[in-house]
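Novice: build me a structure from this.
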Amino acid sequence: MIARTWHGVTQVSKADEYLDYLKRTGVAEYKKTEGNRGVYVLQRVDGDQAHFLLLTLWESEDAIKRFAGSEIEKAKYYPEDEKFLLELEPNVTHYEVLVQP
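Specialist: Residues are numbered from 1 along each chain as shown. Now for the predicted structure:
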């Protein structure tokens, strides 16, 4: 199994609205992609910024490609992300899952 992480930062004042947007876009698409094994949305508030960390679990690299396309290291963004995010980080990170419940 492969874990994929993505990080984004928004203003705290927009955090709830961004979470709703994430649920309608990325989270919904993750869940319907064949080979996705789970989606976790984590948040940490630091001053006036809210950091979001999305952790998704995938059965294989091919499953990730079904979601992200052939360049799986590139972050995938949706049309209104620029409205919320302070920066569009270009890349994601992948990890091999060595221990699981």
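
Novice: all helices for the protein, in order.
Specialist: 15-22, 28-32, 61-68, 81-84 (DSSP state H).

Novice: out of the ones you listed, which gets nearest to residue 95?
Specialist: helix 61-68 (12.0 Å; C-beta to C-beta). All C-beta spots, glycine's among them, are computed from the backbone N, C-alpha and C.

Novice: residue contacts, residue 13?
Specialist: By C-beta atoms under 8 Å, 6 or more residues apart in numbering, the contact list for residue 13 reads residue 48.

Novice: just the pLDDT at it, thanks.
Specialist: If you check residue 13, the pLDDT there is 98.

Novice: spatially central residue for this structure, please.
Specialist: What sits nearest the mean C-alpha location of the chain, by C-alpha atoms, centre = their mean, is residue 54, with 3.8 Å.

Novice: surely that residue and residue 6 touch.
Specialist: Yes: at 4.6 Å, residue 54 counts as touching residue 6 under the criterion of C-beta atoms under 8 Å.

Novice: so who does the closest residue to residue 87 other than its chain neighbours touch?
Specialist: Distances taken as C-beta to C-beta, 6 or more residues apart in numbering put residue 9 closest to residue 87, at 6.7 Å, once the chain neighbours are dropped. Residues near residue 9 by C-beta under 8 Å, 6+ apart: 49, 50, 51, 52, 85, 86, 87.

Novice: and if we set it to 7 Å?
Specialist: 49, 51, 85, 86, 87 (C-beta atoms under 7 Å, 6 or more residues apart in numbering).

Novice: tell me which of these fall in strands.
Specialist: In strands, defined here by DSSP state E, the members of the contacts of residue 9 are 49, 51.

Novice: by neighbours, which of the contacts of residue 9 wins?
Specialist: residue 85 (17 neighbours; other C-beta atoms under 10 Å).

Novice: what's the neighbour count on residue 23?
Specialist: The local packing of residue 23 (other C-beta under 10 Å) involves 13 other residues.

Novice: how much space separates it from residue 72?
Specialist: 23 Å (C-beta to C-beta, to the nearest Å).

Novice: which one of the contacts of residue 9 is nearest residue 99?
Specialist: Out of those, the member with the shortest distance to residue 99 (by C-beta to C-beta) is residue 51, at 25.2 Å.
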